[in-house]
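Enquirer: would you be able to build a 3D model of this:
(one chain, ligands or ions: 2)
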Amino acid sequence: MKQPQSPSGTFITFEGIDGSGKSTQARLLADHLRDQGRDVVLTREPGGSPGAEEIRALVLQGDPDRWSAETEILLFTAARRDHLERTINPALAAGKIVICDRFADSTRMYQGLSRGDLRATVDQLHVLMIGREPDLTVLIDMDPDTGHARAKSRQTSEERFEDFGTDLQAQMRAGFLALATEFPERFRTIDGARAMETVAADVTRTVTDHLSSFG
Ligand code: ADP
Ligand code: TYD
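Expert: Numbering: from 1, shown residues only. Ligands and ions are numbered 1, 2, ... in the order given. Modelled structure (predicted):
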């Protein structure tokens, strides 16, 4: 299997339950780093390249039962492979900072936990088709009730996983915190249940520390 060339930029991902503030914080971080003169690509999953955005519509809209759990893992991974080839790796090879709203940890949680224990399948496919992890993952931690209320206040046709309800969101939250323990070298956990600017200040500090050590 051909894996993409080894990149030289910095790959930062945001993870957390729906409504935790990932998109908001990813955008604020991108603005901050651009103000500092850094070359930043802000992107998201599922999506982030034309082909992957087409797959996004297939997995987030329509009848929730249209795909089996295994097919869904393949679709998210296919979207990720295209995103990596077309958007992420070219930017990293050019030395840019890539900020991505969700990545493989979301598949480990949502597809790996929500319809039975499929984590091993997710990981095997990841090794085969993706083959890389972020340099830094910012986990925005949030209690599910607050996250759910925030997510539901948005007007969108993409509701599949938000509609899980708070029980499953609680399971996702615990799962993300467990992932942070599993991969302590790249995960940093930040309390998202505070004012936007307070959370953003923590995110900036965390990322600046990382960039001054490695970037
Ligand atoms: P996510 O990408 O994790 O689903 P968003 O960044 O889209 O979360 O935020 C969900 C909603 O909550 C949005 O309407 C956003 O404006 C709002 N929001 C984000 N961060 C905060 C915060 N710290 N306090 C209050 N509301 C917030
Ligand atoms: P996103 O647009 O980030 O939603 P939100 O802003 O509400 O967090 O992601 C859309 C949904 O896709 C979200 O409910 C989580 C889900 N998802 C997966 O199930 N698996 C994945 O691999 C990814 C990247 C997202």
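Enquirer: anything in the helix or strand bottoming out on mean pLDDT in the chain near ligand 2?
Expert: One helix or strand of the chain scores below all others by mean pLDDT, DSSP states H and E: helix 144-152, with a mean of 84. Yes - applying Cβ under 6 Å from any ligand atom, one finds helix 144-152 touching ligand 2 at Ala151. Backbone N, C-alpha and C define where each C-beta goes, glycine included.
Enquirer: which residues touch the helix of greatest length in the chain?
Expert: Ordering each helix of the chain by length in residues (DSSP state H) puts helix 196-214 first. Residues outside helix 196-214 that contact it (Cβ atoms under 8 Å, 6 or more residues apart in numbering): 10, 12, 21, 24-25, 28-29, 32-33, 97, 135-136, 138, 140, 188, 190-192.
Enquirer: which ones among those residues are found in helices?
Expert: Checked against DSSP H, the contacts of helix 196-214 include these in helices: 24-25, 28-29, 32-33.
Enquirer: now, among the residues you listed, which is nearest to ligand 2?
Expert: The closest of these to ligand 2 turns out to be Thr24 (Cβ to the nearest ligand atom; 9.3 Å).
Enquirer: list the contacts of that closest one.
Expert: When contacts are counted by Cβ under 8 Å, 6+ apart, Thr24 is found next to Met196.
Enquirer: quick one: pLDDT of it?
Expert: For Thr24, the pLDDT comes out at 98.
Enquirer: thinking again about what came up before, please identify the buried residues of the least confident helix or strand of the chain?
Expert: For helix 144-152, a neighbour-count test (16 or more other Cβ atoms under 10 Å) marks 144, 146-148, 150-151 as buried.
Enquirer: average pLDDT across the host helix or strand of Thr43?
Expert: Assigned by DSSP states H and E, Thr43 belongs to strand 40-44. Mean pLDDT, strand 40-44: 98.
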